[in-house]
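Q: model this:
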Amino acid sequence: MTCMPYWIQHADFESDEFEEGSVQSITGKLVNHDWRGEFEKMQTLDGASSENCPPGLGVNAPDGRILHICPDAADICQVHYSFYDIKKIMGVFPRRKYEAGTIENVPLEVAARFVEPFMSNNFGAVKREVETHR
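A: Numbering: from 1, shown residues only. Reported below is the predicted structural model:
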């Protein structure tokens, strides 16, 4: 399995970028990061009418796919995803189809399960996770 670049986006638009991460290291960062503190910082910035953004963790695949998971203070996530699904035209000819979307209200421990199939380029597993949580 490949390692991929990933980042943690902070509420003040600052980010920590990591060149290469394995499934285990990325999942560990996602589960162990202080999202409650990040969310409180976002609310403080918002209350002061300062620019802010939802904090989150993102993974960039070399082929342009992105997984972006944004937990809130209660560890409920918004998951943004994009991937290429392989479809067969007339049951024979493979064709890549771009899929993208957002899933709301995903518990953090469930959102963490998206990392492995995303990184292993397992379109079917990603799609099953997406459809299960729509």
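Q: CA-only coordinates of the lowest-mean-pLDDT helix or strand in the chain, as PDB, when you get a sec.
A: Every helix and strand of the chain was ranked by mean pLDDT, DSSP states H and E. The lowest is helix 123-132, at a mean of 75. What follows is the C-alpha trace of helix 123-132 in PDB, where atoms were taken according to Å, rounded to 0.1, in the frame of the first residue of the first chain:
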ATOM      1  CA  PHE A 123     -13.200   2.100  -5.500                       C
ATOM      2  CA  GLY A 124     -15.800  -0.500  -4.600                       C
ATOM      3  CA  ALA A 125     -15.100  -0.300  -0.800                       C
ATOM      4  CA  VAL A 126     -15.100   3.500  -0.900                       C
ATOM      5  CA  LYS A 127     -18.400   3.500  -2.800                       C
ATOM      6  CA  ARG A 128     -19.900   1.000  -0.300                       C
ATOM      7  CA  GLU A 129     -18.900   3.200   2.600                       C
ATOM      8  CA  VAL A 130     -20.300   6.300   0.800                       C
ATOM      9  CA  GLU A 131     -23.600   4.600   0.000                       C
ATOM     10  CA  THR A 132     -23.900   3.200   3.500                       C
END
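Q: quickly find the element holding Val115.
A: Using DSSP states H and E, Val115 maps to helix 115-119.
Q: buried ones in that helix?
A: Residues of helix 115-119 classed as buried: 115-119 (neighbour count, 16 or more other CB atoms under 10 Å). Where you see a C-beta, it was placed from the backbone N, CA and C, and this is true even at glycine.
Q: for the residue nearest the centre of the chain, give me its contacts.
A: Nearest to the mean C-alpha position of the chain, by CA atoms, centre = their mean, lies His68 at 2.5 Å. Contact analysis of His68 by CB atoms under 8 Å, 6 or more residues apart in numbering lists 56-59, 79-81.
Q: give me that answer again for 7 Å
A: Counting by CB atoms under 7 Å, 6 or more residues apart in numbering, His68 touches 56, 58, 80.
Q: between these, identify the one with the most neighbours.
A: Gly56 (25 neighbours; other CB atoms under 10 Å).
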